[in-house]
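[1] Okay, predicted coordinates and the sequence, questions at the end:
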Amino acid sequence: MVPIKSYCALDGFYEMYDTIGSGGFAKVKLGVHCLTGEKVAIKIMDKKQLGDDLPRIRLEIEAMKSLSHQNVCKLFQVIETDAKIFMILEYCPDGELFDYIVERDRLTEDEARHFFRQIVAAVAYIHHKGFAHRDLKPENLLLDDDQQLKLIDFGLCAKPKGGMNSHLETCCGSPAYAAPELISGKCYLGSEADIWSMGVLLYALLCGYLPFDDDNIAVLYRKIQSGMYEKPEWLSESSMEMLDQLLQVDPKRRITVAQLLHHPWVTKDCNPSYNVQWESIYQTKELDDECVTEMAVSIGKSRKAMHAILSDWSYDYNTATYLLLWKRKQLSKSVRLMRDQ
Ligand SMILES: [NH3+]CCCOc1cc(-c2cn[nH]c2)ccc1C(=O)Nc1ccccc1
């Protein structure tokens, strides 16, 4: 791969390669972290173009800094210049779940369950941390090279001041995935709206098309508010029951994420003690000695000084280097940095 002309803010820290995705106001490019050689995704935003959306990005950055979970795309570093904001993110080589479904028309029940479990894990975790995502859809679920899903795009997420039981007002997200109470302008709970979107997502996994769809937005809204959707003959009884519990028009009758974690459809074929691994496998707060030591030696600082720097979690190049080294260690790869950079 030949690196393309990068931005001086990244020179020496990241090599930049071609665009791997874009959405609205951001372009996402493949990058390589120079000290570890690890691939990353670099989300590039122009502050002028962002305009009123700039607060959304600040919100996304603060949310992602506090999220560390195996099914949430990890933020490694934030670089801000006068004109640009760069978010250095975990690289997901196998692209969007959306394309994965389209390529196969639809998934088998077992494959849908394999992915839905991970979505339940990610949503249970972010709700536990006090965030509602509010834009759950297959375009925002990416695949790493081990069929693991990573949730992205927290630009619309909400952290209600009064906690997850206080109501939200703003209508946002993608209409086809929006809950009835959200599109009827009522106050709603972010957690309940996310559960509805998970119902639309599960339907898309099992059927390959959307439960509520129409080119005319008013007709689409009426279909969502009716809660009526087609049940194709290939759906099993248990799948239909699962969908019904997710796609309840009345949010108070809708299943909760806590119930989902041990629901028989979700935990099918797992040993009885299995619960969806919704807890994070990362204990981000205790630093790994081997990684701290490798960095201290490489950078020429004492372990104590290196430990103090990393304990600040300032999401600078040191944070990115540590997190990428730690990720290599999890994959039983060598915990070594490129020397004499
Ligand atoms: N629908 C996804 C398009 C590519 O976008 C991303 C890819 C990665 C990615 C790719 N590989 N690894 C991570 C990480 C983040 C994004 C992202 O946040 N995109 C976006 C969201 C909202 C507005 C504009 C752009």
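    Sure thing, it's come through. Numbering: from 1, shown residues only.

[2] The residue of the chain found nearest the ligand: neighbouring residues, count only.
    Among the residues of the chain, residue 21 lies closest to the ligand, at 2.5 Å counting by Cβ to the nearest ligand atom. Yep, even glycine has a C-beta here, placed from its N, CA and C like the rest. Number of residues near residue 21 (other Cβ atoms under 10 Å) recorded here: 17.

[3] so what's it up against?
    28, 41, 95, 96 (Cβ atoms under 8 Å, 6 or more residues apart in numbering).

[4] make it 7 Å
    Neighbouring residues of residue 21 by Cβ atoms under 7 Å, 6 or more residues apart in numbering: residue 28.

[5] quick one: it is in a strand?
    Yes: the assignment for residue 21 is a strand, going by DSSP: H, G, I helix; E, B strand; the rest coil.

[6] Please name the bridge partners of it.
    Partner residues in beta bridges with residue 21: residue 28, with DSSP bridges as the criterion.

[7] any idea how far the residue lying closest to residue 210 once chain neighbours are set aside is from residue 136?
    The shortest distance from residue 210 to any non-neighbouring residue, by Cβ to Cβ, 6 or more residues apart in numbering, is to residue 176 (5.1 Å). Taken as Cβ to Cβ, to the nearest Å, the spacing of residue 176 relative to residue 136 amounts to 11 Å.

[8] And for residue 58?
    For residue 58, the distance to residue 136 (Cβ to Cβ) stands at 21 Å.

[9] In terms of neighbours, single out the busier of those two.
    The neighbour comparison of residue 58 against residue 136 (other Cβ under 10 Å) goes to residue 136, with 27 against 13.

[10] can I have stretch 149-157 written out in CSV, keeping just the CAs?
    Listed in CSV are the C-alpha atoms of stretch 149-157, where the atom choice follows Å, rounded to 0.1, in the frame of the first residue of the first chain:
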residue,chain,number,x,y,z
LEU,A,149,-19.7,-6.4,15.7
LYS,A,150,-18.5,-2.9,16.7
LEU,A,151,-21.1,-0.1,17.3
ILE,A,152,-20.2,3.3,15.8
ASP,A,153,-21.5,6.8,15.4
PHE,A,154,-22.4,8.2,18.8
GLY,A,155,-23.1,11.6,17.3
LEU,A,156,-26.8,11.3,18.1
CYS,A,157,-26.4,9.5,21.5
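
[11] what about residue 232, how many neighbours?
    Going by other Cβ under 10 Å, the residues that sit close to residue 232 add up to 12.

[12] Point out the residues in the chain that sit beside the ligand.
    Taking Cβ under 6 Å from any ligand atom as the measure of proximity, the chain contacts the ligand at 20-21, 23-24, 26, 28, 41, 43, 73, 89-92, 96, 139-140, 142, 152-153, 155.

[13] now, which of these lie within strands?
    Using DSSP state E to define strands, the subset of these located there is 20, 21, 23, 26, 28, 41, 43, 89, 90, 142.

[14] Farthest-apart pair in those residues, please.
    Considering Cβ to Cβ, no two members of these lie farther apart than 23 and 90, which are separated by 16.7 Å.

[15] of those two, who's got more company?
    A count of neighbours by other Cβ under 10 Å puts residue 90 above the other of residue 23 and residue 90, at 20 against 13.

[16] middle-most residue in the protein, spatially?
    The residue at the geometric middle of the chain, judged as the C-alpha nearest the mean C-alpha position with Cα atoms, centre = their mean, is residue 151 (1.6 Å).
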